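# Sequence plus the predicted model coming up.
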Amino acid sequence: MADPTPMPWAATVLTLFPAMFPGPLGLSLAGTALKQGVWSLETVDIRGFASDKHATVDDAPYGGGPGMVLRADVLAAAIDAVGKRIAAVPSIYLSPRGAPLTQRRVTELAAGPGVMLVCGRFEGVDERVLEARGIEEVSLGDFVLSGGEPAALALLDATVRLLPGVMGAEDSSADESFADGLLEYPHYTRPRTWEGRTVPDVLVSGNHAEVARWRREQAKKITRERRPDLWATYAEQEKE
Ligand code: SAH
């Protein structure tokens, strides 16, 4: 492990459920890095910024319809309180309407000073707060979660593992899925024969060039079969 950086990569999470953090990020790679001070995690309880005695954070949507909406004034108060304390970092609202999270975006975030994440609940948040505070929307995928917290945990997991010193081998992210626009090749380990299935001969040949070539071919084949969208982009780039 490399020395922890003097200024940890700083994650600030605005949530109605601070107890969900660090959750899984307190264990394994991310957990060790958190304890070592490679990154820091602060949760801000949005409810603490409610102004009435019942600590109300949501209200019924204008125009009618089901569910409740997180109030702009309450959420903005939480965001502004954070903004006064921390240096400028990208602010992201986890939302199914956002730009799908990609490895490229995760890599950009890891290269910066940190991130502020807003976790929605109910039907979502009042649109005006997103506009007024210039908050970007990022989605985990085309499905609906009950809250932004699992998405925030996933975004942080993907980002933190890229911080210097967090992964065992510094370059173990270079070969991974999406790094070069392709999905990853298949892996094998001992035993060499398992339930009658053997490991491809090339992988035990000791010929590094052949292994690299085989892996590249497999990565292309898997991408072509499983992700025509990624394959189209890759093939386009290869042409140029
Ligand atoms: N009514 C909204 C869904 C609200 S789900 C809609 O139809 O778009 C409640 C909260 O969960 C959201 O405010 C958001 O913060 C979070 N959430 C749900 N799905 C998500 C996804 N795919 N990616 C990121 N966050 C999501």
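Arrived safely, thanks for sending.

# okay, CA-based contacts and neighbour counts for the rest of this
Will do.

# Let me see the ranges of the strands in the chain.
Chain-ordered strands for the chain, with DSSP state E as the definition, fall at 9-15, 39-45, 58-59, 69-70, 91-100, 114-119, 136-139, 193-194, 197-198.

# which stretch among those strands comes nearest residue 27?
Taking CA to CA, strand 39-45 is the member of the strands of the chain nearest to residue 27, at 13.5 Å.

# for the closest one, packing partners?
Applying 3 or more CA pairs under 8 Å, 6 or more residues apart in numbering; DSSP states H and E, one finds that strand 39-45 contacts strand 9-15, helix 28-36.

# Relative to the ligand, which of the ones you listed is closest?
strand 9-15 (9.4 Å; CA to the nearest ligand atom).

# and that closest one, how far out from the chain's middle?
Here strand 9-15 shows a centroid-to-chain-centroid distance of 12 Å under the convention CA atoms, centre = their mean, to the nearest Å.

# Could you do stretch 16-34 as well?
13 Å.

# and what of stretch 51-62?
On CA atoms, centre = their mean, the centre of stretch 51-62 falls 30 Å from that of its chain.

# Is that stretch in proximity to the ligand?
No: judged by CA under 6 Å from any ligand atom, stretch 51-62 and the ligand are separated, with a smallest distance of 11.0 Å.

# List the buried residues in that stretch.
For stretch 51-62, the buried set under the neighbour-count rule, 16 or more other CA atoms under 10 Å, comprises 57-58, 61.

# okay if I get the residues you listed as TSV plus pLDDT?
Below are the buried residues of stretch 51-62 laid out as TSV (pLDDT from 0 to 100):
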residue	pLDDT
57	98
58	98
61	98
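
# residues in contact with the nearest residue to residue 43 once chain neighbours are set aside?
Distances taken as CA to CA, 6 or more residues apart in numbering put residue 13 closest to residue 43, at 4.7 Å, once the chain neighbours are dropped. Going by CA atoms under 8 Å, 6 or more residues apart in numbering, residue 13 touches 41-44, 116-119, 152.

# please redo it, this time with the cut-off set to 10 Å
21, 41-46, 79, 82, 91-93, 115-119, 149, 152-153 (CA atoms under 10 Å, 6 or more residues apart in numbering).

# From residue 114, how far off is the residue nearest the centre of the chain?
By CA atoms, centre = their mean, the chain has its centre lying nearest to residue 155, at 1.5 Å. Taking CA to CA, to the nearest Å as the measure, residue 155 and residue 114 are separated by 12 Å.

# just residue 96 next, same as before
Distance of residue 96 to residue 114, given as CA to CA: 22 Å.
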